[in-house]
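# this one's structure only:
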């Protein structure tokens, strides 16, 4: 495990709890010392941890911020260039591009456990963080499915459900359902605060719901939104287009039916997706079209809940 | 009480519970029959209920949708033109304009109890709906403060806290903290749903929080947003400006610091407003500057929690 913050620290604890041999490195002496004090096998020497991974053919998990990924990949290229590599970064295409550039020989499977808290650092970690969470494990055209199954198996061991997706599909979806919500919450909180104490005093559920994530740590919000720039821009344009259309309609005819009705249908789409769940989907990982089968499952909103032999077992919600 | 839906029906129950003599009218036979079956003194003859109010010098409360207000004011002008009149509509300037046009002789005090549920109709009513809620009671330059104290006293009797404000300040504030949140939620839900089952499957807290009110009944959302057109348009332009600036910055420099930081500060402004509370503010209703004192209290985010003699007692949060 390279990186021992909230996610890396939770992973170390959860993996050890699942009976796996796990060691880690962090350049943060605070996190490394705290992890050592808790009895874990960690170092501040990333090169040493990577050399040991190469020696024992271990899975290397990058749990560092996106801005540190290229640096660490340079070390991976030096010390463990053939390793089975995954990561837990919240955007996937930029990391995939970096891996192809810096460590093309690695067997890489991008990952994103969709879990977290507002806290950070080793002390905030929790072995139970991934229980029931969606964990995207990327499937590209050239993905080695044996490597994919190892990464998916790690996520399943830690209690997560695996969503197989290409990096581009992941980034587009999270732009819609995570990064745009953060930006709209920030805009709403800024416009609301312009109303002063009166507006704050009258604020009720619609405002507190709509601004809740504006209270997240700015560094984290910037990291995920700025890191997903290419996928976020067109989604932001969709939102600007719809909000501009609402403005135009209100100014001209005075009507907001199209905006309000489309929003109501969108809310129903979420409720319906959550109500419907089709169990017992199976994808053979040795079939010639296994990659397409996995991706189709993910694109339909499915999750894999077990891997039995060469078969991924899942459900579509 | 003219109108026996969720708010009117809750008011009838709460007023009766507070020991007041109350009678009502609704042109909806369904609501009128249900209220009668529950033992209340109601009719489908609005003219008759108004004539009785004029005869007994009762407070007339309009609890009809904004689109019905002008019709009912025509009846008030015929049957009870000198009455003490209030309403519970979610926008205040348009109703004030209509009252000045149709019933200039009425002693009118605009009202807005900021309480509600997703339900509608008499059956959804609840005498406890107003407990602890903010109830805006409008103060204009020409407001008769004896009439204002009667309306504020009614709201206090039903368990609400009274926020004294001019109609224009009310409408501007609710545009920011209620109507804009509803439009942003609608836009987010529509953009999110464009991502199909995959996006719905990955949606977590930021999306469900941000879209929750998009599930509200479209008629209600349209009534409040379209009815507050004049105050909502400039607020919508502020949001479009800030979202457009975020888009421009992301596209050009790749940075979102200004957007994210302003949102974080806005979220802190709400938290701070809720933490601070200054008790024991008093406004004499017979002082020459009583109207200014009441409005200043409301604009500072204050609420009146009691009226003792000629003194309104409140707190500023």
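Sure, I can see it. Keep in mind it's a predicted model, so treat the numbers as computed, not measured. Numbers count the residues shown, from 1 in each chain, chains lettered A, B, ... in the order given.
# and residue A:304, which of the three is it?
What DSSP: H, G, I helix; E, B strand; the rest coil gives for residue A:304 is strand.
# I'd like the distance between it and residue A:137.
When Cβ to Cβ, to the nearest Å is applied, the distance between residue A:304 and residue A:137 equals 8 Å. C-beta: built from backbone N, CA, C; applies to glycine.
# Can you work out which residues contact both of the two?
Here residue A:304 and residue A:137 have A:152, A:162, A:163, A:164 as joint contacts, going by Cβ atoms under 8 Å, 6 or more residues apart in numbering or on different chains.
# Output those as CSV; include the columns distance to chain B, neighbour count and pLDDT.
Below are those laid out as CSV (distance: Cβ to the nearest Cβ, whole Å; neighbours: other Cβ atoms under 10 Å in any protein chain shown; pLDDT from 0 to 100):
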residue, distance to chain B, neighbour count, pLDDT
A:152, 16, 28, 98
A:162, 12, 30, 97
A:163, 7, 30, 97
A:164, 11, 29, 98
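# More neighbours: which of residue A:304 and residue A:137?
residue A:137 (30 against 26; other Cβ atoms under 10 Å in any protein chain shown).
# hang on, the more buried one is in a strand, isn't it?
Yes - assigned with three-state DSSP, residue A:137 falls within a strand.
# pretty sure it contacts residue A:151?
Yes - look at residue A:137 against residue A:151 with Cβ atoms under 8 Å: they come within range, at 5.3 Å.
# Helices along the stretch 101-250 of chain A, start to end?
With helices called from DSSP state H, counting those that start in this stretch, the stretch 101-250 of chain A shows them at A:145-157, A:167-174, A:180-193, A:196-202, A:205-211, A:218-227, A:229-252.
# What residue in the stretch 51-200 of chain A comes nearest to chain B?
residue A:186 (2.5 Å; Cβ to the nearest Cβ).
# Check what pLDDT that residue gets.
You'll see residue A:186 listed with a pLDDT of 98.
# Check residue A:189 too.
98.
# if we can go back for a sec, what sits in contact with each of residue A:137 and residue A:151?
With contacts defined as Cβ under 8 Å, 6+ apart, the residues shared by residue A:137 and residue A:151 are A:86, A:109, A:111.
# List, out of those residues, those positioned next to chain B.
By Cβ under 8 Å from any Cβ of the partner chain, no member of the shared contacts of residue A:137 and residue A:151 lies near chain B.
# The residue lying closest to residue A:220 once chain neighbours are set aside: neighbouring residues, count only.
Among residues not flanking residue A:220 along the chain, residue A:120 sits closest, at 7.7 Å (Cβ to Cβ, 6 or more residues apart in numbering or on different chains). Counted with other Cβ under 10 Å, the neighbours of residue A:120 add up to 17.
# any idea of the pLDDT on residue A:120?
83.
# what about it, distance to residue A:188?
25 Å.
# Following the record's annotation, map out the domains of chain A.
A:6-165, A:171-255, A:265-317 (automatic domain parsing).
# can you tell me which of those domains the model trusts least?
If the domains of chain A are sorted by mean pLDDT, domain A:265-317 sits at the bottom with a mean of 90.
# does any part of that one sit near chain B?
Yes - residues of domain A:265-317 contacting chain B under Cβ under 8 Å from any Cβ: A:265-271, A:273-274, A:298-303, A:316-317.
# returning to what we had before: the residue nearest to residue A:220: what's it in contact with?
A:5, A:6, A:217, A:220.
# For these, which single residue is the most surrounded?
residue A:6 (24 neighbours).
# That residue against residue A:115, yeah?
No - in terms of Cβ under 8 Å, residue A:6 does not count as a neighbour of residue A:115; the distance is 9.4 Å.
# any shared contact partners between the two?
Joint contacts of residue A:6 and residue A:115 (Cβ under 8 Å, 6+ apart) are residue A:129.
# hmm, back to that, quick one: which of the helices of the stretch 101-250 of chain A is nearest residue B:261?
helix A:218-227 (5.5 Å; Cβ to Cβ).
# Could I get the buried residue list for the closest one?
Using 16 or more other Cβ atoms under 10 Å in any protein chain shown as the burial criterion, the residues of helix A:218-227 that qualify are A:218, A:220, A:221, A:222, A:223, A:224, A:225, A:226, A:227.
# May I ask which two of these are separated the most?
That would be A:218 and A:227, which, of those, are the farthest apart (Cβ to Cβ) at 14.0 Å.
# coming back round to it: tabulate the shared contacts of residue A:137 and residue A:151 (a markdown table), appending neighbour count and distance to residue A:312.
Formatted as a markdown table, these follow (neighbours: other Cβ atoms under 10 Å in any protein chain shown; distance: Cβ to Cβ, whole Å):
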| residue | neighbour count | distance to residue A:312 |
| --- | --- | --- |
| A:86 | 28 | 17 |
| A:109 | 27 | 14 |
| A:111 | 26 | 15 |
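# Just give me the closest of those to residue A:252.
For the shared contacts of residue A:137 and residue A:151, the nearest to residue A:252 is residue A:111 (48.0 Å; Cβ to Cβ).
# In contact with the closest residue to that closest one other than its chain neighbours, which residues?
Excluding its sequence neighbours, the residue lying closest to residue A:111 (Cβ to Cβ, 6+ apart) is residue A:86, at 4.6 Å. Counting by Cβ under 8 Å, 6+ apart, residue A:86 makes contact with A:59, A:60, A:61, A:62, A:108, A:109, A:110, A:111, A:137, A:151, A:154.
# go on, residue A:50?
Residue A:50 makes contact with A:2, A:25, A:60, A:75, A:76, A:78, A:79, A:80, A:83, according to Cβ under 8 Å, 6+ apart.
# Roughly how far does it sit from chain B?
30 Å (Cβ to the nearest Cβ, to the nearest Å).
# same deal with residue A:255?
For residue A:255, the distance to chain B - Cβ to the nearest Cβ - is 6 Å.
# What is the burial count for that residue?
15.
# That one - that's part of a helix, no?
No - assessed with three-state DSSP, residue A:255 is coil; it does not lie in a helix.
# Hmm, residue B:267 and residue A:215 touching each other?
Yes - shown here, residue A:215 and residue B:267 form a contact pair, counting by Cβ under 8 Å, at 4.0 Å.
# In terms of neighbours, single out the busier of those two.
With neighbours defined as other Cβ under 10 Å, residue A:215 and residue B:267 compare such that residue B:267 has more, 24 against 18.
# centre of the chain versus the one helix or strand the more buried one maps to, how much separation?
Assessed by DSSP states H and E, residue B:267 sits inside helix B:257-275. Centroid separation for helix B:257-275 versus its chain: 25 Å, with Cα atoms, centre = their mean, to the nearest Å.
# residues in contact with it?
Against helix B:257-275 from outside (Cβ under 8 Å, 6+ apart): A:182-183, A:185-193, A:197, A:200-201, A:203, A:207-208, A:211-212, A:214-216, A:218, A:221-222, A:225, B:242, B:245-246, B:249, B:301, B:317.
# Show me which of those residues are buried.
A:182-183, A:185-193, A:197, A:200-201, A:203, A:207-208, A:211-212, A:214-216, A:218, A:221-222, A:225, B:242, B:246, B:249, B:301, B:317.
# The residue of the stretch 201-317 of chain A found nearest chain B: how many residues sit nearby?
As assessed by Cβ to the nearest Cβ, chain B sits closest to residue A:263 within the stretch 201-317 of chain A, at 2.5 Å. Neighbourhood size, residue A:263 [other Cβ under 10 Å]: 32.
# Enumerate every residue touching the residue nearest to it when sequence neighbours are not counted.
Of all residues not flanking residue A:263 in the chain, residue B:186 sits nearest, at 2.5 Å (Cβ to Cβ, 6+ apart). Listed by Cβ under 8 Å, 6+ apart, the contact set of residue B:186 reads A:246, A:259, A:260, A:262, A:263, A:264, A:266, B:214, B:221.
# Fine by me, we can end here.
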